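Asker: This is a predicted model, with the sequence first.
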Amino acid sequence: MEVQEKHRFDEQSLGRFMAVHVEGFVPPVRAEQFRGGQSNPTYRLADGAGRHYVLRRKPPGKLLPSAHAVDREFRVISALNKTNVPTPRAYALCEDESVVGTAFYIMEYCDGRVLWDPLLAEVPKEGRLAIYRAKFEALARLHAVDYAAMGLADFGRPGSYVVRQISRWGKQYKASETESIEAMDKLLDWLPAHLPSNEETVLVHGDYRLDNMVFHATEPRVLGIIDWEISTLGDPLAELSYLCMLWRTPKDWGGLEGHDLAALGLPTEHDMVGYYCELSKRAVPEPALWNFYMAYNLFRVSCIRQGVYARALDGTASNMRAAESGKLVRPAAELGWNIVGSIDRGAR
């Protein structure tokens, strides 16, 4: 779409930067804005030779502490460019706010498909399982990366990932809270008191889901995983369960719960957890442990949605549908608390 008024910038200034820092760039540059990108405004750039690039920048306005870290995105993408994890090529980082108004980076434009609908209606039934396998295969590759060898040993702290995430997102939730939600308050108390003992540390994306990857135009192959803003060193089961939350969320949220998966040619949660564990040589988690991670992720999603909603209220959110996020904060938290109830019932 055309660049929103609040997200416009000086294209000539950007062109001068790219002429110096992006090999092969031919001025002038013209920008369009992607409709997605609730956190960091994202643009498709075209240069004078018809080549395309992607620009990701911090949004304008007051920002939450540690959020919108485009420098971290650029660092991790640059490192992963040297591995078999599919990532767009990183071109340049600019932390000089005088160029476009906020810090930004430029990366490769992957010309392929972004599959927003997990039902994969645009994919023939017989090709849908291959798409699901491709996204779980890419996740297994990511979790197998030797992050220390890639220069990312200081990209986060090893161990205690979930407790730090609960603390971080809980604080950000409280900083952007607009109403009292009982289920959220209960999760804030329950989760830290029932932490798993798993201490495995891998490089995690942080928001790994179907629409954060670009697939080949015709093949079931991931060209690039995108949106690395909250990547860090973390727990592989936390990330795997985040991806698998799709099977626990209802149709009206865009989830798979309630659909006839076999009739649609789609795999089950059990199928894909087993597939990932086979690829990554990890044990399939016990039900109580798996449900802890599900409750944790629903809590985390509620916190993220609340932050997006708060930015919508103050007019800085980059997605025009950001205000809709506020409607899902309470239901996601309540679903998470219901899963906690299933854990407690299982213990009895």
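Answerer: Yes, it's here. Residues are numbered from 1 along each chain as shown.
Asker: drop to CA atoms for contacts and neighbour counts, all remaining ones
Answerer: Will do.
Asker: Quick check: end-to-end length of stretch 55-71?
Answerer: 12 Å (C-alpha to C-alpha, to the nearest Å).
Asker: three-state assignment of residue 32?
Answerer: Here residue 32 is recorded as strand under DSSP: H, G, I helix; E, B strand; the rest coil.
Asker: shouldn't it be in contact with residue 4?
Answerer: No. Under the criterion of C-alpha atoms under 8 Å, residue 32 is not in contact with residue 4, lying 9.1 Å apart.
Asker: since we're on residue 260, how many residues are nearby?
Answerer: 11 (other C-alpha atoms under 10 Å).
Asker: ditto for residue 1
Answerer: 10.
Asker: Now do the contacts for it.
Answerer: 32, 33, 34, 35 (C-alpha atoms under 8 Å, 6 or more residues apart in numbering).
Asker: Most neighbours among the residues you listed, which one?
Answerer: Among these, the one with the most neighbours (other C-alpha under 10 Å) is residue 33, at 20 neighbours.
Asker: Surely that residue touches residue 44?
Answerer: Yes. Using C-alpha under 8 Å as the test, residue 33 is close enough to residue 44 to be in contact (6.1 Å).
Asker: Which of the helices or strands spans residue 282?
Answerer: Taking DSSP states H and E as the definition, residue 282 sits outside all helices and strands.
Asker: And it, what's its pLDDT?
Answerer: For residue 282, the pLDDT comes out at 96.
Asker: Report the separation between it and residue 140.
Answerer: Going from residue 282 to residue 140 by C-alpha to C-alpha gives 10 Å.
Asker: would you list every one of the helices in this protein?
Answerer: Secondary structure of the chain (DSSP state H): helices at 11-21, 70-80, 128-143, 161-176, 182-193, 236-244, 261-264, 269-280, 287-314, 326-347.
Asker: Counting neighbours, what do you get for residue 168?
Answerer: Residue 168: 15 neighbours (other C-alpha under 10 Å).
Asker: Spit out the contact partners of it.
Answerer: Counting by C-alpha under 8 Å, 6+ apart, residue 168 makes contact with nothing.
Asker: Does residue 291 touch residue 339 like I think?
Answerer: Yes. In this structure, residue 291 is within contact of residue 339 by C-alpha under 8 Å, at 6.5 Å.
Asker: Next, find the distance separating residue 194 from residue 129.
Answerer: From residue 194 over to residue 129 (counting by C-alpha to C-alpha), the distance is 35 Å.
Asker: That should have said residue 13, apologies.
Answerer: From residue 13 over to residue 129 the distance is 45 Å, taken as C-alpha to C-alpha.
Asker: Pick out whichever of the two has more residues nearby.
Answerer: Comparing residue 13 with residue 129 by other C-alpha under 10 Å, the one with more neighbours is residue 129, at 17 against 13.
Asker: Let me know the distance separating the more buried one from residue 314.
Answerer: Distance from residue 129 to residue 314, by C-alpha to C-alpha: 41 Å.
Asker: likewise residue 59?
Answerer: 12 Å.
Asker: Between the two, tell me which one has more neighbours.
Answerer: Neighbours were counted for residue 59 and for residue 314 using other C-alpha under 10 Å; residue 59 has more, 22 against 10.
Asker: The least confident helix or strand in the chain by mean pLDDT vs helix 182-193, what angle?
Answerer: The helix or strand of the chain with the poorest confidence is helix 326-347; it has a mean of 84 (mean pLDDT, DSSP states H and E). Put simply, helix 326-347 runs at 50 degrees to helix 182-193, going by axes from the mean of the first three to the mean of the last three C-alpha atoms, to 10 degrees.
Asker: can you give me phi and psi for the residue nearest the centre of the chain?
Answerer: Nearest to the geometric centre of the chain sits residue 207, at 2.2 Å (C-alpha atoms, centre = their mean). With angles defined as degrees, to the nearest 10, residue 207 sits at phi -150, psi 50.
Asker: Quick check: it touching residue 225?
Answerer: No. Assessed by C-alpha under 8 Å, residue 207 is found out of contact with residue 225, at 10.3 Å.
Asker: Show me the chain divided up by domain.
Answerer: Following automatic domain parsing, one gets these domains for the chain: 5-108, 125-347.
Asker: if I look at residue 188, how far off is residue 14?
Answerer: 43 Å.
Asker: no no, residue 77
Answerer: 21 Å.
Asker: Pick out whichever of these two has more residues nearby.
Answerer: Neighbour comparison, residue 77 and residue 14: the larger count goes to residue 77, with 22 against 18 (by other C-alpha under 10 Å).
Asker: Please list all residues in contact with the more buried one.
Answerer: 87, 88, 89, 90, 228.
Asker: Please narrow those to those residing in strands.
Answerer: The strands, defined by DSSP state E, take in residue 90 from those.
Asker: Scan the contacts of residue 77 and report the most crowded one.
Answerer: Among the contacts of residue 77, residue 87 has the most neighbours (other C-alpha under 10 Å), with 25 neighbours.
Asker: Identify the bridge partners of the residue nearest to that one when sequence neighbours are not counted.
Answerer: Spatial nearest neighbour of residue 87, chain neighbours left out: residue 224 (4.1 Å); criterion: C-alpha to C-alpha, 6 or more residues apart in numbering. For residue 224, the beta-bridge partners under DSSP bridges are residue 214.
Asker: what's the nearest residue to residue 251 if we skip its chain neighbours?
Answerer: Per C-alpha to C-alpha, 6+ apart, closest to residue 251 is residue 257, 6.1 Å.
Asker: Let me fix that, I meant to ask about residue 177.
Answerer: Once flanking residues are discounted, residue 177 sits nearest to residue 306: 6.8 Å by C-alpha to C-alpha, 6+ apart.
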